[in-house]
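[1] any chance you could fold what I've pasted below:
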Amino acid sequence: MKIMVIQGPNINMLGSREPATYGTMSMEDIHKQMKIVADQSGVDIEFFQSNFEGEIVDKIQECLGEADGIIINPAAYSHTSIAIRDALSAISLPTIEVHISNVYRREEFRQKSLISPVSNGVIVGFGPVGYHLAMVGMLQMFEQIKAIKASQEQNA
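    Numbering: from 1, shown residues only. The predicted structure is shown next:
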């Protein structure tokens, strides 16, 4: 099984960007922790970050046939990108949306995500630990998928 982690605009600035809102942990540190969990679970993991909407759409499309699930922090594109929403919808992979800050305690425009309705789950406001929660959630979804496939094979 393979998880693709897709990070949107400005996530590469974590650690120095608005630490009161986003904390002091860097994107690289978050990825290192996620890699440890993936290795312990026997799951492959790949990381991608872009500040460009089209590159994120391309990466999502590349996941079809290459990844089994997506953890995505679309950042500001959460609120504006129909293209990212459509790409996620088109590939129909298990998807968890992550936001470091609690968007519901912030500006009104941040409280509506175009990505949430096409995601299996959303983790909001837990800081960098939200990525760990997303990993646990994705691993659980993988277990459920395996159980369903095994049941279908037994009934065939």
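[2] list of residues touching the helix or strand hosting Lys32?
    Assigned by DSSP states H and E, Lys32 falls within helix 27-41. The contact list for helix 27-41, computed with CB atoms under 8 Å, 6 or more residues apart in numbering, reads 3, 5, 7, 11-15, 44-45, 47, 49, 128, 131-132, 135-136, 139. Every C-beta, even on glycine, is put in place using the N, C-alpha and C of the backbone.
[3] Tyr77: what's its closest spatial neighbour, skipping adjacent residues?
    Gly8 (5.0 Å; CB to CB, 6 or more residues apart in numbering).
[4] picking up where we left off before, what about the helix holding Lys32, distance to the chain center?
    Centre-to-centre, helix 27-41 and its host chain are 13 Å apart (CA atoms, centre = their mean, to the nearest Å).
[5] following element in sequence after it, please.
    strand 44-49.
[6] partner strands of that following strand, parallel or antiparallel?
    strand 2-7 (parallel) (DSSP bridges).
[7] C-alpha coordinates for the partner strand, PDB please?
    Provided in PDB are the C-alpha atoms of strand 2-7 (Å, rounded to 0.1, in the frame of the first residue of the first chain):
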ATOM      1  CA  LYS A   2       1.200   3.500  -0.700                       C
ATOM      2  CA  ILE A   3       0.100   6.900   0.600                       C
ATOM      3  CA  MET A   4       0.700  10.100  -1.300                       C
ATOM      4  CA  VAL A   5       1.000  13.200   0.900                       C
ATOM      5  CA  ILE A   6       0.300  16.400  -1.100                       C
ATOM      6  CA  GLN A   7       1.100  19.700   0.500                       C
END
